[in-house]
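J.: would you be able to build a 3D model of this:
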Amino acid sequence: MAGASSHTTLSEEFNSELEALASIYSDDGEFSQETPQDTETASYVCVVNIKPNSFSIGLKLSIPEYYPDRLPKIEFLPTDDSLTDESTLAELLQFLYQTASENKGAPMCFLLVEAVKDWLVEREAACSNDTTADIETTPTHATKDSSEDIDDDDDDETQHHHKKKKGKGRKKPPVEEEKIKGKKPRMKTATEVISRILWDEQLCKDHFVIGYLDRFLGVIEKDFSEFSWEDIASVDYDTLAIPKHRIQYFKYKDDIVWDKTKRLDDVFGSTGSKITIIDVIEKYLKENESREEKESDESLDEDGVPEEVESDEGDNKGTSRKKNSNRPNYFIAIQINNPDIVNKVEQVQNELCESDSALDDTRTSLKKLHVTLCTLSLDTPSEMERAIAVLKEEQNNLKALLAPATLLRFQGLQTFHDRVLCSVPQYNPVVMKLADHLCTAIDDAGLRIVGTPHVFTPHLTVLKITRKQIKQGREHLDYGLYKDHVETEFGVQNVDSIHLCSMLDAPRADGFYYSLASVDVSPEN
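T.: Okay, the predicted model is just below:
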């Protein structure tokens, strides 16, 4: 790719953007690199010739050293079919700088190119409506269905350009128009949502679903990762690619977070909700804790041993396995062994038990502190061997995923169902991807995952009320008991190993769960 290999001072995300642009705009003259005239203000300059229809624009982006925390310089270059109206170009330039400002801190070059492309399509639509009043649909660029597929992005924005074209006098910039009384704020387009999902490292693409309009079948849902976002004219018939104007909504897991017809935008919060996708993720983690927690909460005691199974740890012979495919008997976990965290958990446990001695039996063993990544039902030696093989085979992939280092910061206390007192680590997208990766590998191996991994909530258990204690009259943990610790700092755990733990066997010599396998996932030196 032109220019990408010579670029060494900017981020990997920027290089990924360039690779995507060079791949999509691969024809002669569509993508090029220029030498910065002023190296103090720009570390990289790229030019993209954008021509989705009869109009075209040469977009020049001068990238500063601290991009994307600093905005690129945006310029237009003349082309054979470029727009020449200065007021129109000024309006577009203001719109692009506004878009760049709203996305400051996140990769935005791909977003700006796509914004220009959509703008050109909408501009041609506006001109077409001016000259042919009876025609309600707009011309399109060449696709496999050129009679219908308009690569514009959303009806509101198309109407926005129609009104400006029909108006007389000076054209108001987008910012000015939104200040007009009663004017709805500009809703972020599907292109901008796609760009954020593609480039925001905090988001996992596998968690998003797109609802799009099929001409014959109505609205269809497909996973975001199934789509190709290259130019439709360049893909083959086996590739799933759609015009963006057909996108009706985006889902994060089960929740709609962007809906064109309802003007709902909980990805950027552009329509006034002030809710962003990060807020949605955090709320999802807090309010939709996994069903596996409910299952284990009902069937396991504080050490993770099913209550109906008698354990004889004294003779260290292990336990019998009562097979029940609906309940887990193994789990994959991160051991919490940072002395600072262990000591702080012990201190909090002591303080809580001093105020209520009946809580002594609810303590989590300090030698068994862990964060569960997923729970399994392994009933045969063959299944156990396959689970061990999965961990060993995925060891290098896990190391790469967690590199250079992955930390879990534990602060504060909260409860699940008022029965489990725990500390939920600060949101870390890498840990979420780690759990997803493991669940996918385990599922691909034909092993049974118990619970609901797509609503995974990592947590470190401090106290847990068992079913036995509920029968004795202790039904919940009062907020007043732990309110002084809702902001307590426990410490930071480095994720350097993953363990396949048994819920039924006697613990190891060091007191932690007996492990069928343990793999080192610390980065290579």
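J.: element containing the residue sitting nearest the centre point of the chain?
T.: Closest to where the C-alpha atoms of the chain average out (CA atoms, centre = their mean) is residue 203, at 1.8 Å. Using DSSP states H and E, residue 203 sits within no helix or strand.
J.: leaving out sequence neighbours, find the closest residue to it.
T.: Leaving out its chain neighbours, the residue that sits closest to residue 203 by CB to CB, 6 or more residues apart in numbering is residue 197, at 5.5 Å. No exception for glycine: its C-beta is placed from N, CA and C like everyone else's.
J.: what ranges do the helices span in the stretch 301-450 of the chain?
T.: 339-355, 381-393, 395-402, 429-444 (DSSP state H, counting those that start in this stretch).
J.: thinking again about what came up before, wait, doesn't the residue nearest to the centre of the chain sit right on residue 432?
T.: No - using CB atoms under 8 Å, residue 203 is not in contact with residue 432, being 9.9 Å away.
J.: for my notes, confirm residue 110 occurs in a strand.
T.: No - counting by DSSP: H, G, I helix; E, B strand; the rest coil, residue 110 falls outside a strand, being helix.
J.: number of nearby residues for the residue lying closest to it once chain neighbours are set aside?
T.: Once flanking residues are discounted, residue 110 sits nearest to residue 17: 4.9 Å by CB to CB, 6+ apart. Residue 17 has 28 neighbours, counted by other CB atoms under 10 Å.
J.: what pLDDT does the model give residue 17?
T.: You'll see residue 17 listed with a pLDDT of 74.
J.: hey, where'd the strands end up in the stretch 201-350 of the chain?
T.: 208-214, 218-223, 247-252, 255-259, 264-265, 330-335 (DSSP state E, counting those that start in this stretch).
J.: tell me the most buried of those strands?
T.: Comparing the strands of the stretch 201-350 of the chain on average neighbours per residue, with mean count of other CB atoms under 10 Å, the densest one is strand 330-335 at a mean of 24.
J.: all strands for the stretch 51-200 of the chain, in order.
T.: 57-63, 73-77.
J.: so which of these gets nearest residue 400?
T.: strand 57-63 (27.4 Å; CB to CB).
J.: which residues outside the closest one are in contact with it?
T.: Applying CB atoms under 8 Å, 6 or more residues apart in numbering, the external contacts of strand 57-63 come out as 10, 14, 34, 36, 41-51, 72-79, 82-83, 92, 109, 112-113, 116, 120.
J.: can you flag the buried ones in those residues?
T.: 10, 14, 42-51, 72-74, 76, 82-83, 92, 109, 112-113, 116, 120 (16 or more other CB atoms under 10 Å).
J.: let me know how buried residue 70 is, in neighbour terms.
T.: 13.
J.: gap between the closest residue in space to it that isn't next to it in sequence and residue 387?
T.: Spatial nearest neighbour of residue 70, chain neighbours left out: residue 64 (4.4 Å); criterion: CB to CB, 6+ apart. Distance of residue 64 to residue 387, given as CB to CB, to the nearest Å: 49 Å.
J.: and for residue 246?
T.: 42 Å.
J.: from residue 415, how far off is the residue nearest to residue 78 when sequence neighbours are not counted?
T.: Excluding its sequence neighbours, the residue lying closest to residue 78 (CB to CB, 6+ apart) is residue 58, at 6.7 Å. Applying CB to CB, the value for residue 58 to residue 415 is 58 Å.
J.: and the angle for the helix or strand containing residue 46 with strand 73-77?
T.: Element membership of residue 46 [criterion: DSSP H and E] is strand 44-50. Put simply, strand 44-50 runs at 40 degrees to strand 73-77, going by axes from the mean of the first three to the mean of the last three CA atoms, to 10 degrees.
J.: low-confidence regions, the stretch 201-350 of the chain specifically.
T.: 215, 231-235, 237-238, 287-326 (pLDDT under 70).
J.: for stretch 118-132, what is the average pLDDT?
T.: Mean predicted confidence for stretch 118-132 is 66.
J.: which residue comes closest to residue 399 once chain neighbours are left out?
T.: residue 521 (5.2 Å).
J.: so that neighbour makes contact with residue 397?
T.: No - Residue 521 lies out of contact with residue 397 (CB under 8 Å); the separation is 9.4 Å.
J.: okay, these two: which has more neighbours?
T.: residue 521 (23 against 13).
J.: for the more buried one, grab phi and psi.
T.: Note on residue 521: its backbone torsions stand at phi -120, psi 20 [degrees, to the nearest 10].
J.: that one and residue 49, how far apart?
T.: 45 Å.
J.: before we move on, what about residue 435?
T.: Taken as CB to CB, the span from residue 435 to residue 49 is 43 Å.
J.: give the residue spans of the stretch 401-525 of the chain that score low on pLDDT.
T.: 452-455, 524-525.
J.: what's the burial count for the residue nearest to residue 78?
T.: 20.
J.: sorry, back to before: contacts only, for the residue nearest to the centre of the chain.
T.: Here residue 203 is in contact with 196-197, 277, 281, 429 (criterion: CB under 8 Å, 6+ apart).
J.: which of those residues tops the neighbour count?
T.: residue 277 (24 neighbours).
J.: settle this for me: that residue is touching residue 252, isn't it.
T.: Yes - using CB under 8 Å, residue 277 is in contact with residue 252, at 6.6 Å.
J.: what's the closest non-adjacent residue to residue 414?
T.: Using CB to CB, 6+ apart, the closest residue to residue 414 is residue 424 (6.2 Å).
J.: then residue 268?
T.: residue 188 (4.5 Å).
J.: looking at that neighbour now. What's its pLDDT?
T.: The model's pLDDT for residue 188 equals 89.
J.: do you know how far it is from residue 255?
T.: Applying CB to CB to residue 188 and residue 255 gives a distance of 17 Å.
J.: what's the answer for residue 396, then?
T.: 34 Å.
J.: with residue 379 instead?
T.: 35 Å.
J.: cool, and residue 116?
T.: The value you get for residue 116 to residue 255, if CB to CB is used, is 31 Å.
J.: right, and residue 451 touches residue 375 too?
T.: Yes - between residue 451 and residue 375 a contact is recorded at 5.3 Å, counting by CB under 8 Å.
J.: more neighbours: these two, which one.
T.: residue 375 (26 against 22).
J.: correct me, but the more buried one touches residue 387?
T.: No - counting by CB under 8 Å, residue 375 does not reach residue 387; the two are 11.7 Å apart.
J.: list residues touching both of those two?
T.: The contact lists of residue 375 and residue 387 share residue 330, where a contact means CB under 8 Å, 6+ apart.
J.: thinking again about what came up before, and the residue nearest to residue 78, how far from residue 281?
T.: From residue 58 to residue 281 the distance is 38 Å (CB to CB).
J.: what do you get for residue 35?
T.: On the measure of CB to CB, residue 35 and residue 281 end up 41 Å apart.
J.: ok, now residue 479?
T.: Distance from residue 479 to residue 281, by CB to CB: 25 Å.
J.: my guess is the residue nearest to residue 203 contacts residue 205. True?
T.: Yes - applying CB under 8 Å, one finds residue 197 in contact with residue 205, separated by 5.8 Å.
J.: could you give the number of residues near the residue nearest to residue 206 when sequence neighbours are not counted?
T.: Nearest residue to residue 206, sequence neighbours excluded (CB to CB, 6+ apart): residue 225, at 5.7 Å. The tally of other residues near residue 225 (other CB under 10 Å) stands at 13.
J.: what do you get for residue 354?
T.: Counted with other CB under 10 Å, residue 354 comes out at 9.
J.: residue 229 against residue 198, yeah?
T.: Yes - counting by CB under 8 Å, residue 229 does reach residue 198; the two are 7.2 Å apart.
J.: buried ones in stretch 389-404?
T.: In stretch 389-404, the ones that count as buried by 16+ other CB under 10 Å are 390-391, 394, 398-399, 401-402.
J.: of all those residues, which comes closest to residue 419?
T.: Taking CB to CB as the measure, residue 391 is the one of the buried residues of stretch 389-404 closest to residue 419, at 30.7 Å.
J.: list the contacts of the closest one.
T.: Counting by CB under 8 Å, 6+ apart, residue 391 has contacts 332, 498, 500, 517, 519.
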